[in-house]
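Undergrad: what follows is a predicted structure for the sequence shown.
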Amino acid sequence: MHDDPHRYRIVPGGSAPVGWAIERDGKIWRTGPRLEVLGAWLDAYLAGASSYDADDIAKVIERRPRPSYEERMAVFNATGRILGLSRG
């Protein structure tokens, strides 16, 4: 692990808040328009990835389409499975 995860926060950024920022020790460290991309980068970095590898992981997440409503709600399903979709 690179650092203590308690040193980091993801906060709204921009004047209108239209973006997000990773704050480390009270200073803006990295910014981006999508929360899930910054979160993926920070998760990878804190898990031990280099910043270059964390960039690659975040790029993959950035290219994915946004999750559907059903995908977002799957975490609230007792089984964790997406309802209404079959694996045919």
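TA: Done, it's in.
Undergrad: residue 19 is in contact with residue 31, isn't it?
TA: Yes - assessed by C-beta atoms under 8 Å, residue 19 is found in contact with residue 31 at 5.9 Å. Yep, even glycine has a C-beta here, placed from its N, CA and C like the rest.
Undergrad: anything in contact with each of the two?
TA: Contact criterion C-beta atoms under 8 Å, 6 or more residues apart in numbering; residues shared by residue 19 and residue 31: residue 13.
Undergrad: and residue 43, what is it in contact with?
TA: No contacts exist for residue 43 under C-beta under 8 Å, 6+ apart.
Undergrad: sec struct for it, please.
TA: Here residue 43 is recorded as helix under DSSP: H, G, I helix; E, B strand; the rest coil.
Undergrad: how much space separates it from residue 70?
TA: Separation of residue 43 from residue 70 (C-beta to C-beta, to the nearest Å) stands at 23 Å.
Undergrad: once you drop chain neighbours, what's closest to the residue nearest the centre of the chain?
TA: Central residue of the chain (C-alpha atoms, centre = their mean): residue 39, 2.4 Å from the mean position. Once flanking residues are discounted, residue 39 sits nearest to residue 10: 6.4 Å by C-beta to C-beta, 6 or more residues apart in numbering.
Undergrad: what bridges to that neighbour?
TA: residue 22 (DSSP bridges).
Undergrad: and the pLDDT for residue 86?
TA: pLDDT recorded at residue 86 is 52.
Undergrad: strands along this protein, start to end?
TA: Ranges of strands within the chain are 8-13, 19-24, 27-32, based on DSSP state E.
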